[in-house]
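> need a 3D model of the following:
(2 chains)
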Amino acid sequence: MSTEQLKITLPNGDVLQMPLGTTSGEVAAHIGPGLAKAALAAVVNGETVGLMEPIVEDAEIRILTDRDSDALPVLRHSAAHILATSVRELRPEAAIGFGPAIDDGFYYDFEVDEPFTPEDLEAFERKMIDVAAADQMFERRQVSKSEARDLFSDDPLKLERLEEFEDDEVITVYANGPFLDLCKGPHIKSTGGLKYFKLTSAAGAYWRGDEKRQMLQRIYGTAFHRKNDLEEHLHRLEEAKRRDHRRLGRELGLFQFHPVSPGAPFWTPRGTILYNTLEQFVRTRQREDFLEVRTPLMYTKELWEQSGHWGKYRENMFLVLDNESGEHNMSLKPMNCPSHHLYYASETHSYRELPLRFVTLDVLHRNELSGALSGLTRVRQFAQDDCHVYLREDQIAEEVQFLTDFILGHYAAFGLESRVKFATRPEQRIGSDEQWDHAEAELRQALESTGCEYDVEEGDGAFYGPKIDFHVTDSIGRSWQLGTIQLDYSAPERFGLEYVGSDNKPHRPVIIHRAVCGSFERFIAILIEHYAGAFPTWLAPEQVRVMSVGQDWDESAHQLVEVLVKAGIRATLQSRETLGYRIREAELHKIPYMAVVGEREALDSTVAVRERGKGKKQEVMSRDSFVSLLKEKISTRSLT
RNA sequence: GCUCUGAUAGCUCAGUGGUAGAGCGCGUCCUUGGUAAGGACGAGGUCGCGGGUUCAAACCCCGCUCAGAGCUCCA
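So this is what the prediction gives:
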């Protein structure tokens, strides 16, 4: 029997002739011994596969080494198996669930009687080192479903998964040493390929993510090809901890929480300045093109029935008892939309008036699950910079362009980099396919016309319409979803909204939901972490800390404070303790400017200015120059 | 909400079935300072709340509250 030849195309365009059934590992070896050694996996016709898998058709092939980010999930998935191998060795009674690679690493779920302790994790980690040292091969096998049933007869969770396959389906299993898993792979060659890894945490997780099913114990870990990458990753985690807004919020005295109102922040005087400054910034930017309205915080259920919230969102609403009827037939508002719709409907509108943009910064309440609350990023009471635009269909493109510029401009003011995502129809939705086709086309075209780059997220739209989501990346590379532009054809129907067209006939407007900050609370949390608490001058709760060298110069220092305050600058005097102590205190509180007054400065009306984080490098300037410098920084909202 | 972990001074945390500890912060006094901690003394705690076990509970057990991690990634 003559061997059939395969055409193997390499990334550089070279074509190799290899026999049918050649493995990608053999291809790598054919290219060179260096590559064979470095090879971890391969991409064959777009699919990531292990090196031992035979190639059965002509293929474009790319060998993955530790330089390819595509190779990381393979390593991490193998790390998950090595973890399970170790857990099975130390805790043989543990039933194995799933163990995939995830964005930052991997996890594996186990069903055990006793949850894992930190000591268990350490023991598993040590055992993983042994397993890696044993250099067990990852062997891929294909079996029938009934064979698989025998192989996994002791693994109830695997058996459950197995039953979801067709009876004649070929099942792939992977074995390394004593450990066998139902797994499509691919994996690295052998356990020895795992060198730089760490188990990070353990927590409960529902079997198959279903809260009605049993709780398994999940172990999280991460793994990298290179030591440097692991160290960088761990360093990033440390850095995130250092910048945690909950910690900085306490240290800098910005906000507090109290058990008597879970999920609702208390803003301190400093935090309130920060909040108000942000709010004022938002108001200033919206003064010309938006109409701010204040609306009630509480509504009867009739409104929520009309908006659809009573049916779909009631679990998240704080219902209020009406003493007269004895019923919970009112609710604090979780969103502003219905009140804006009501206001729109209260007058007859001409097509000439549109677009109309109503903005409300009121307090909203949403009853989030207690376990979901977290600092300022997930709260029960917050305020959105919430806007609803009422417009004609022919205005959509122009409006989306306007709003997109507006939103991106907001993030740029804080030095936040942004990314745009276009989210299309979700599975659960209202409205006909024709409506969706139309809405998506409109929105996409509008987005195209802005010229900004965007990713498409299929199925991620709101149930009433497609949307554009705005994500920002903070200074340590974490991504946050903030702003949104959502097209809504449904609410105008529900609320019977109309405008009078040039034909003197009623027409239905379209609504765009728009938020920029998301919520002020969350946005402030992001700012705190982004700046690590060192706010630019215009945002800093205290902008200048004035200190005298000694009490003899207190009077002079006090005069400087008065000049600064009169100029609208947030300045305070600190004259106790030694100068060194006060400098340290001001640095730790991340106050942008320290202004020192001593004999020299008092005599010629100057001030010695020290900038936060710049150490001893100081500049002596006239008091007028200092005031001008500060005014310039503040009015331009300088980020430096 | 569910699983696990935790809750001790304003903050960060140590600690033990038998009298409550440190550092920082705070107060008073001394020091009168030139750019990241001057010194002395002192005040401050129903050890989260409620029950139980015990001669004795802040410590052991149960419940509650609040907080933290996780509960989307699918052989």
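> write out the residues of the stretch 201-350 of chain A neighbouring RNA strand B.
A:201, A:203-206, A:208-211, A:215, A:217-218, A:220, A:246, A:250, A:257, A:259, A:262-263 (CB under 7 Å from any atom of the strand). Every C-beta, even on glycine, is put in place using the N, C-alpha and C of the backbone.
> which ones among the residues you listed lie within helices?
Using DSSP state H, A:Arg246, A:Arg250 are the members of those that sit in helices.
> just the buried ones out of the residues of the stretch 201-350 of chain A next to RNA strand B, please.
Neighbour-count burial within these applies to A:Ala205, A:Gln217, A:Arg218, A:Tyr220, A:Arg246, A:Phe257, A:Gly263; the criterion is 16 or more other CB atoms under 10 Å.
> which of those fall within strands?
Those of those mapping onto strands are A:Ala205, A:Gln217, A:Arg218, A:Tyr220, per DSSP state E.
> quick one: name the residues of the stretch 401-550 of chain A near RNA strand B.
So the stretch 401-550 of chain A meets RNA strand B at A:Ser548, A:Val549, A:Gly550 (CB under 7 Å from any atom of the strand).
> among those, which one lies nearest to A:Gln618?
A:Val549 (12.7 Å; CB to CB).
> just to revisit the earlier point, farthest pair in the buried ones among the residues of the stretch 201-350 of chain A next to RNA strand B?
Top of the distance list for those (CB to CB): A:Gln217 and A:Phe257, 29.2 Å.
> any low-confidence regions in chain A?
A:1-3 (pLDDT under 70).
> domain parsing for it?
Per automatic domain parsing, the structural domains of chain A span A:5-65, A:71-240, A:255-297+A:333-531, A:544-635.
> returning to that earlier point: what's the closest of the ones in strands among the buried ones among the residues of the stretch 201-350 of chain A next to RNA strand B to RNA strand B?
Lowest distance from RNA strand B to these (CB to the nearest atom of the strand) belongs to A:Ala205, with 4.0 Å.
> A:Asp455 belongs to a helix, doesn't it?
No. With DSSP: H, G, I helix; E, B strand; the rest coil as the criterion, A:Asp455 is assigned strand and is not in a helix.
> re earlier: could you dump the domains of chain A to a markdown table with distance to A:Trp304?
Converted to a markdown table, those look like this (distance: least, CB to CB, whole Å):
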| stretch | distance to A:Trp304 |
| --- | --- |
| domain A:5-65 | 48 |
| domain A:71-240 | 26 |
| domain A:255-297+A:333-531 | 7 |
| domain A:544-635 | 42 |
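> out of those domains, which comes closest to A:Val320?
domain A:255-297+A:333-531 (10.0 Å).
> which of the helices or strands spans A:Ile63?
Element membership for A:Ile63 (DSSP states H and E) is strand A:59-64.
> need the three-state assignment for the spatially most central residue of chain A.
Centroid check for chain A by CA atoms, centre = their mean gives A:Trp480 as the closest residue, at 3.3 Å. Counting by three-state DSSP, the backbone at A:Trp480 sits in strand.
> wait, it sits on A:Leu527?
No. Look at A:Trp480 against A:Leu527 with CB atoms under 8 Å: they stay out of range, at 10.7 Å.
> for A:Phe318, find the nearest of the domains of chain A.
Here domain A:255-297+A:333-531 is closest among those (CB to CB), at 4.9 Å.
> RNA strand B contacts on the stretch 51-200 of chain A?
A:98, A:100-103, A:115, A:158, A:161, A:165, A:169, A:171-173, A:181-184.
> quick one: buried ones out of those residues?
Neighbour counting with 16+ other CB under 10 Å marks A:Phe98, A:Ala101, A:Lys158, A:Arg161, A:Ile171, A:Thr172, A:Val173, A:Asp181, A:Leu182, A:Cys183 as buried within those.
> which pair of these spans the longest distance?
Between all members of these, the farthest pair (by CB to CB) comes out as A:Ala101 and A:Ile171, at 20.4 Å.
> quickly find the element holding A:Ala42.
Judged by DSSP H and E, A:Ala42 forms part of strand A:41-44.
> other residues contacting that strand?
A:24-25, A:27-28, A:48-51, A:53, A:55, A:59-64, A:70-71, A:74, A:186, A:188 (CB atoms under 8 Å, 6 or more residues apart in numbering).
> so which of those residues sit within strands?
Per DSSP E, the contacts of strand A:41-44 map to strands at A:Thr48, A:Val49, A:Ala59, A:Glu60, A:Ile61, A:Arg62, A:Ile63, A:Leu64.
> the fourth one pairs with what?
Okay, so that is A:Glu60. Beta bridges link A:Glu60 to A:Thr9, judged by DSSP bridges.
> burial of it, as a residue count?
14 (other CB atoms under 10 Å).
> please apply the same query to the third one.
As a burial measure, the neighbour count of A:Ala59 was computed by other CB under 10 Å and equals 22.
> with the first one instead?
Using other CB under 10 Å, A:Thr48 is surrounded by 18 other residues.
> give the contact list for it.
A:Thr48 neighbours (CB under 8 Å, 6+ apart): A:Ala41, A:Ala42, A:Leu64, A:Asp70, A:Pro73, A:Val74, A:Pro186.
> repeat for the second one
Listed by CB under 8 Å, 6+ apart, the contact partners of A:Val49 are A:Ser24, A:Ala41, A:Ala42, A:Val43, A:Gly185, A:Pro186.
> pull the number of nearby residues for the third one.
A total of 27 residues lie near A:Ala42 under the criterion other CB under 10 Å.
> and if you look at the second one?
Counted by other CB under 10 Å, the residues lying close to A:Ala41 total 30.
> so how far is RNA strand B from it?
15 Å (CB to the nearest atom of the strand, to the nearest Å).
> same check, this time on A:Val565
In terms of CB to the nearest atom of the strand, A:Val565 sits 21 Å off from RNA strand B.
> bridging residues for the residue nearest to the centre of chain A?
Beta-bridge partners, per DSSP bridges, of A:Trp480: A:Val472.
> residues contacting it?
By CB under 8 Å, 6+ apart, the neighbours of A:Trp480 are A:His471, A:Val472, A:Thr473, A:Asp474, A:Arg522, A:Ile526.
> what helix or strand is A:Gln435 located in?
Short version, using DSSP H and E: A:Gln435 is in helix A:433-450.
> next, the buried residues of that helix.
Those would be A:Trp436, A:Ala439, A:Glu440, A:Glu442, A:Leu443, A:Arg444, A:Ala446, A:Leu447, A:Thr450, for helix A:433-450 by 16+ other CB under 10 Å.
> please name the nearest non-neighbouring residue to the third one.
Leaving aside its chain neighbours, A:Glu440 sits nearest to A:Pro466 (4.8 Å; criterion: CB to CB, 6 or more residues apart in numbering).
> give me the neighbour count for the one you found.
Residues near A:Pro466, counting by other CB under 10 Å: 25.
> wait, it sits on A:His438?
No. A:Pro466 is beyond contact range of A:His438, at 10.1 Å (criterion: CB under 8 Å).
> what number of residues lie near the closest residue to RNA strand B within the stretch 301-450 of chain A?
The stretch 301-450 of chain A approaches RNA strand B most closely through A:Gly371 (2.2 Å), counting by CB to the nearest atom of the strand. Residues lying near A:Gly371 (other CB under 10 Å) number 7.
> can you classify it by secondary structure?
A:Gly371 ends up helix, using three-state DSSP.
> ok, the closest residue to RNA strand B within the stretch 401-550 of chain A - contacts?
Taking CB to the nearest atom of the strand, RNA strand B has its nearest neighbour within the stretch 401-550 of chain A at A:Gly550, 2.2 Å off. Going by CB under 8 Å, 6+ apart, A:Gly550 touches A:Gly598.
> now do 7 Å
Going by CB atoms under 7 Å, 6 or more residues apart in numbering, A:Gly550 touches no other residue.
> relative to A:Ser556, how far out is it?
11 Å (CB to CB, to the nearest Å).
> check A:Arg623 too.
The value you get for A:Arg623 to A:Ser556, if CB to CB is used, is 10 Å.
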